[in-house]
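> I'd like to go over a predicted model; first the sequence, then the structure.
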Amino acid sequence: MVAANNKYALTCQYDGTLYKGFQSQINEHTIQEKIENSLYKINNGKINIEYAGRTDSGVHATHQVIAFEIKWNHSKLKLENAINAYLPNDILVNNIKKVPPSFHPRKDAISRTYEYHISQAKVKNVFTRNYEYHYPYKLNLFKIKRAIKILEGRHDFKNFCKSENIIDNCIRDLYSVSVHRENEILIFKFKGSSFLRHQIRFMIGYILQIGRNKLDINELKSLLDGKNKVKSIIKHNVSPRGLCLTLVEYYGFSF
């Protein structure tokens, strides 16, 4: 019996160190390219995937969401295992679900959560350098916690992305921002409706300057107005390697 064309969704985790981001690019290694190549081998034909977010070069994920349509007459678990069999060791899919044809992992998402890890150790750790940003300077954590609360809510975040990436509508809802320390690691967590390209990295860079008493919290408030543009903010972007997509949420079901 020939299987019907069904739509499946999976979560995807990957180490982004060796890739030029998630989205396919000509003559570049990307996560999307590797997953679609795996599906091609299973399907004997091209399958285009949909995804929840376009992570940049060097950014990681423990909970990216992808979806695609395929004719498959075996179990969901066998499909999941077949995809993984053709993926490199730094990419893995799991938690496969059959979803309605109308499901779209980006358009239907109600929130996305990212974490950013900062090492405050005096010496960089060569074994974890791809998963945290080494920043050994003394920080005022009290000021940092005050600053991140200012970021919460609905704001125009155009001052927190590169000028060439500014779109018509830069207003985003940032539901919660938190920071806590685990030994020598500061872990920031951002949960929002969606994020502009490089937005989290620019916010982290600016917050760190506040933590070093180099910038004032009131300046942060004015930047969220959207009418004030400070070109110097661009220099406060931080490394992508401390950033990880950790959760994408939907109405009606979860992985």
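Cool, the structure landed. Numbers count the residues shown, from 1 in each chain.
> From the recorded domain assignment, give the ranges for this structure.
Using automatic domain parsing, the domains assigned to the chain come out as 5-107, 110-248.
> Which residue ranges of the stretch 151-255 of the chain form helices?
Using DSSP state H, counting those that start in this stretch, the helices of the stretch 151-255 of the chain run over residues 199-211, 217-223.
> winner for burial among those helices?
Highest mean neighbour count among the helices of the stretch 151-255 of the chain (mean count of other Cβ atoms under 10 Å): helix 199-211, with a mean of 24. For the C-beta atoms, the positions are set from N, CA and C on the backbone; glycine is no exception.
> Counting by contacts, list what that one packs against.
On a contact count with 3 or more Cβ pairs under 8 Å, 6 or more residues apart in numbering; DSSP states H and E, helix 199-211 meets strand 109-119, helix 141-151, strand 185-192, helix 217-223.
> thinking again about what came up before, can you tell which of the domains of the chain is closest to Phe255?
domain 5-107 (4.2 Å; Cβ to Cβ).
> Figure out the length between the terminal residues of the closest one.
One end of domain 5-107 sits 21 Å from the other (Cα to Cα, to the nearest Å).
> Over to stretch 100-115?
30 Å.
> Any buried residues in it, and which?
Residues 103-105, 108-109, 112-115 are the ones in stretch 100-115 that count as buried (16 or more other Cβ atoms under 10 Å).
> tell me the two of these that are most distant?
By the measure Cβ to Cβ, Phe103 and Glu115 form the most distant pair in those, at 25.6 Å.
> Same list (the helices of the stretch 151-255 of the chain) but as TSV, adding distance to Glu182 and mean pLDDT.
Listed next are those as TSV, based on distance: least, Cβ to Cβ, whole Å; pLDDT from 0 to 100:
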stretch	distance to Glu182	mean pLDDT
helix 199-211	17	94
helix 217-223	25	87
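> re the thing from before, among the domains of the chain, which one carries the weakest average confidence?
Here the lowest mean pLDDT among the domains of the chain goes to domain 110-248, at a mean of 89.
> The closest residue in space to His29 that isn't next to it in sequence: what's it in contact with?
Distances taken as Cβ to Cβ, 6 or more residues apart in numbering place Tyr19 nearest to His29, at 5.3 Å, with adjacent residues excluded. By Cβ atoms under 8 Å, 6 or more residues apart in numbering, the residues touching Tyr19 are 29-31, 57-58.
> before we move on, the earlier item: Val238 is nearest to which of the helices of the stretch 151-255 of the chain?
When those are compared for distance to Val238 using Cβ to Cβ, the nearest one is helix 199-211, at 4.6 Å.
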